[in-house]
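In: Kindly generate the corresponding structure for this input.
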Amino acid sequence: MTTEDNQLVGQAIDALLSPRHLHCADEILSRPSPVPKSPGVYAWYFDEVPLPLSTKKFHQWRGYNLLYVGISPCKRTPPSTRTLRFRMRDHFAGNAEGSTLRKTLGCLLGDTLNIKLRCVGGGKRQTFTNPGERELDKWMRQHARVTWAVMESPWLAEERLLMRVPLPLNLQGNAHPFRCILEGIRKAAKEAAMALEVIVDNGGPRRLPSPRAT
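Out: Numbers count the residues shown, from 1 in each chain. Model (predicted):
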């Protein structure tokens, strides 16, 4: 990593850990949106932790706990036109098939929100179906906030953040001890969905296109 890269990563991390503002769903989904159509790294904060863990273990900012970071585009895919704006909409108003974060939250909050993962359409997609996805929308509107930093190689900041702060909702490249528990919870939810009949999920006008989760 060059000196310039180090500086850019440091600036991005500082912006994510001490943000000027944490954005709610209504702000992200407004038109025009405050989120740029640019590549970058984003951080998700929550005022309610859907985990059996003490909030003292997490980085906090003005009453919110940092639990997850993501990037757009993903380093592991071919060159992509996906941007921060698209990913924010995926997470706040998409469905579990197109958002790893939504799938994780829904699996953790299944009993609380009375929702469950189901196989839909042709059977290869898994979502919480329209009623369940709407319940997850409501929870995220109330408890989730997000901030971001624009950068051309966002994975550099993501990798350093994973080493620097505890991020229990991240899976790939994450050494947090909750990761193994989370993987088990998600696996059980997926297997339970496969054991049930496939249902038709007609989408509805609020659903955005669902790209591959990152």
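In: Other residues contacting the helix or strand that contains Met163?
Out: Following DSSP states H and E, one finds Met163 within helix 154-164. Around helix 154-164, the neighbours that count as contacts under C-beta atoms under 8 Å, 6 or more residues apart in numbering are 1, 5, 8-9, 12-13, 16, 39-41, 43, 69-75, 149, 151, 167, 170, 173-175. To be clear about C-beta, it is placed using only N, CA and C from the backbone, and glycine gets the same treatment.
In: for this structure, what spans make up the strands?
Out: Ranges of strands in the chain, per DSSP state E, are 40-46, 60-61, 64-72, 118-120, 125-127, 144-150.
In: Please identify the deepest-packed of these.
Out: With neighbours taken as mean count of other C-beta atoms under 10 Å, these reach their highest mean count in strand 40-46, at a mean of 25.
In: With just CA atoms, put that strand into PDB.
Out: C-alpha atoms of strand 40-46 as PDB (Å, rounded to 0.1, in the frame of the first residue of the first chain):
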ATOM      1  CA  GLY A  40     -16.900   3.800  -1.300                       C
ATOM      2  CA  VAL A  41     -17.100   2.100   2.100                       C
ATOM      3  CA  TYR A  42     -20.000   2.400   4.500                       C
ATOM      4  CA  ALA A  43     -20.600   1.800   8.200                       C
ATOM      5  CA  TRP A  44     -23.900   0.800   9.800                       C
ATOM      6  CA  TYR A  45     -24.800   1.900  13.300                       C
ATOM      7  CA  PHE A  46     -27.600   0.700  15.500                       C
END
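In: contact partners of it?
Out: 12, 16-17, 19, 22, 61, 64-72, 83-84, 87-88, 91, 101, 143-151, 154-155, 157-158, 161, 169.
In: That strand versus helix 154-164: what angle between them?
Out: Note on geometry: by axes from the mean of the first three to the mean of the last three C-alpha atoms, to 10 degrees, strand 40-46 and helix 154-164 are set 40 degrees apart in direction.
In: Strand 40-46 pairs with which strands, parallel or anti?
Out: Sheet pairing here is set by DSSP bridges, and for strand 40-46 it gives strand 64-72 (antiparallel), strand 144-150 (antiparallel).
In: From the chain's centre, how far out is that strand? Work that out for me.
Out: When C-alpha coordinates are averaged (C-alpha atoms, centre = their mean, to the nearest Å), strand 40-46 and its chain have centres 8 Å apart.
In: how about JSON lines for the strands of the chain, with mean pLDDT and distance to Glu133 added?
Out: As requested, the strands of the chain are exported to JSON lines (pLDDT from 0 to 100; distance: least, C-beta to C-beta, whole Å):
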{"stretch": "strand 40-46", "mean pLDDT": "98", "distance to Glu133": "18"}
{"stretch": "strand 60-61", "mean pLDDT": "96", "distance to Glu133": "28"}
{"stretch": "strand 64-72", "mean pLDDT": "97", "distance to Glu133": "18"}
{"stretch": "strand 118-120", "mean pLDDT": "94", "distance to Glu133": "10"}
{"stretch": "strand 125-127", "mean pLDDT": "95", "distance to Glu133": "6"}
{"stretch": "strand 144-150", "mean pLDDT": "98", "distance to Glu133": "14"}
